[in-house]
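In: could you look at this predicted model? Sequence included:
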Amino acid sequence: MIKITHEITIDEGDIDFIHMRASGPGGQNVNKVSTGVQLRFDIKNTRCLTNNIKKRLINTAGNKITSEGVLIINASSHRTQYQNKQDALKRFAELVKKSVVKPEKRIYTNPPRGSKIKRVEDKKKRSRLKKLRRNDLDQV
């Protein structure tokens, strides 16, 4: 069980790890050893998360979600498979933590009178500056 928050734990059976060769520098080790890790988590079929958290997770993950609802996180920045696996789990936990927090509803307010006056004054000032730049032929 992977503990995300006090209330949320994710079953390790819901997470699949695929090991792959990492790209980038590393000499011949890159060609021999599969140090890269791809974490796959099926959001739609998991029972560990509520429907609201699932929806927010899909929104926050963005392009890391496939059309089938599978979250994919690639980790290949470290030299060992273990470190990449830990990195992928850490990034996964951060994503889930972000989706647990409900976004606050924005309270729409009107701009204060002072900011309206300042905006109009700035527009007048800009207009005067542009008038000064004009040639005399334009004003005729």
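Out: That came through fine. No experiment lies behind these values; they were computed from the predicted model shown.

In: and the helices in the protein, which stretches?
Out: Secondary structure of the chain by DSSP state H: the helices cover 29-32, 51-61, 81-100, 113-133, 136-139.

In: quick one, what contacts residue 69?
Out: Residues near residue 69 by CB atoms under 8 Å, 6 or more residues apart in numbering: 42, 43, 44, 45, 58. Placement of C-beta: from N, CA and C, glycine included.

In: circling back: among the helices of the chain, which comes closest to residue 38?
Out: Residue 38 lies closest, by CB to CB, to one member of those: helix 81-100, at 7.6 Å.

In: one step back: go through the helices of the chain and pick out the most buried.
Out: Most buried of those, by mean neighbour count (mean count of other CB atoms under 10 Å): helix 81-100, with a mean of 17.

In: wait, which of the helices of the chain is closest to residue 10?
Out: helix 81-100 (7.3 Å).

In: which outside residues touch that closest one?
Out: Contacts of helix 81-100 (CB under 8 Å, 6+ apart): 2, 4-5, 8, 10, 15, 17, 19, 22, 33-39, 41, 49, 53, 56-57, 59-61, 64, 71, 73-78.

In: could you do stretch 119-133 as well?
Out: Contacts of stretch 119-133 (CB under 8 Å, 6+ apart): none.

In: please save the CA atoms from it in CSV.
Out: Only the C-alpha atoms of stretch 119-133 are listed here, as CSV (Å, rounded to 0.1, in the frame of the first residue of the first chain):
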residue,chain,number,x,y,z
ARG,A,119,-7.1,53.1,-15.7
VAL,A,120,-8.8,56.0,-17.4
GLU,A,121,-6.0,58.4,-16.4
ASP,A,122,-3.4,56.0,-17.9
LYS,A,123,-5.4,55.8,-21.1
LYS,A,124,-5.6,59.7,-21.3
LYS,A,125,-1.8,59.9,-20.6
ARG,A,126,-1.1,57.4,-23.4
SER,A,127,-3.4,59.2,-25.8
ARG,A,128,-1.6,62.6,-25.1
LEU,A,129,1.8,60.9,-25.7
LYS,A,130,0.6,59.5,-29.1
LYS,A,131,-0.8,62.9,-30.1
LEU,A,132,2.7,64.5,-29.4
ARG,A,133,4.3,61.9,-31.7
